[in-house]
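Trainee: I need the structure of the sequence given here:
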Amino acid sequence: MLEVAPGLWRWTAAHPDWEPSQEEDDPADWDQQVGCVAYATDDALALIDPLVADGDYEALDGLAEGKEVAILTTLRWHGRSRAELAKRYASSTTAPAGVEPLEISGTGETMYWIEEHRALVSGDRLLGDRPPGVRMCPPSWLRYLDGFTQEDLRRALQAKLLDLPVEMILVSHGEPVLRDGRAALERALAE
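Mentor: You can find the predicted model right below:
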């Protein structure tokens, strides 16, 4: 686990359902290592899209001790280790104070805004890009959304995100943006 700011951690774990991609930007074009986020306050711990590899709970157990735990997902298929962690910590699915759910209209995704650190946590609609930045997901990742286009995605993200003072963007796929997130977001959403 990497503490990217006080009380805010990101880690990666190998996704058990990963298979090599057949071509660039197809729906399976993502790295085996996926990003997960933990945010702790004095009395709560939010786990966003958590994946625990090989039953290694030690770090999360330490963060969860004495706190109410919420397990949040950005997309319905990002359940990952949600069920086992829910049992382990008797958790809820309600975002704690300091974590604001941002439903991105038409995309099937809820991003999370952590005001204290000006951190945006995304699932599949924003991906890490090379070098530090983000990009919108490829059109093939939207095909199940019945006609929702890349331009629809751009407009939905612009409407929901461009008013936020983003410093960090913690992505599920690719490298996170740990500073100047607003500039990276503007580049990704430019028309």
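
Trainee: next SSE after the helix or strand in which residue 60 is found?
Mentor: For residue 60, the host element (DSSP states H and E) is helix 58-64. Per DSSP H and E, helix 58-64 leads on to strand 68-72 as the next helix or strand towards the C-terminus.

Trainee: Identify all contacting residues around that following strand.
Mentor: Residues outside strand 68-72 that contact it (CB atoms under 8 Å, 6 or more residues apart in numbering): 43-50, 82, 85-86, 89-96, 99, 101, 110, 112. The way it works is simple: take the backbone N, C-alpha and C, and place the C-beta from them, glycine included.

Trainee: Next step: these restricted to strands.
Mentor: When those are checked against strands (DSSP state E), the matches are 44, 45, 46, 47, 48, 99, 101, 110, 112.

Trainee: ok, of these, which come out buried?
Mentor: Applying 16 or more other CB atoms under 10 Å to the ones in strands among the contacts of strand 68-72, the neighbour count classes 44, 45, 46, 47, 48, 99, 110, 112 as buried.

Trainee: how about JSON lines for these, with pLDDT and distance to residue 70 added?
Mentor: Output for these, formatted as JSON lines (pLDDT from 0 to 100; distance: CB to CB, whole Å):
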{"residue": "44", "pLDDT": "97", "distance to residue 70": "7"}
{"residue": "45", "pLDDT": "97", "distance to residue 70": "7"}
{"residue": "46", "pLDDT": "97", "distance to residue 70": "5"}
{"residue": "47", "pLDDT": "97", "distance to residue 70": "7"}
{"residue": "48", "pLDDT": "97", "distance to residue 70": "9"}
{"residue": "99", "pLDDT": "98", "distance to residue 70": "8"}
{"residue": "110", "pLDDT": "97", "distance to residue 70": "13"}
{"residue": "112", "pLDDT": "98", "distance to residue 70": "10"}
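
Trainee: how about the strands of the chain, start to end?
Mentor: Using DSSP E, the strands of the chain run over 2-5, 8-14, 33-40, 44-48, 68-72, 99-104, 109-114, 119-121, 126-129, 133-136, 168-170.

Trainee: Residue 128 reaches residue 171, doesn't it?
Mentor: Yes: counting by CB atoms under 8 Å, residue 171 is a contact partner of residue 128 at 4.7 Å.

Trainee: the more surrounded of those two?
Mentor: Set side by side, residue 128 and residue 171 show more neighbours around residue 171, with 25 against 22, by other CB atoms under 10 Å.

Trainee: contacting residues for that one?
Mentor: Contacts for residue 171 were tallied using CB under 8 Å, 6+ apart; they are 35, 122, 126, 127, 128, 134, 177.

Trainee: Many thanks, we can stop here.
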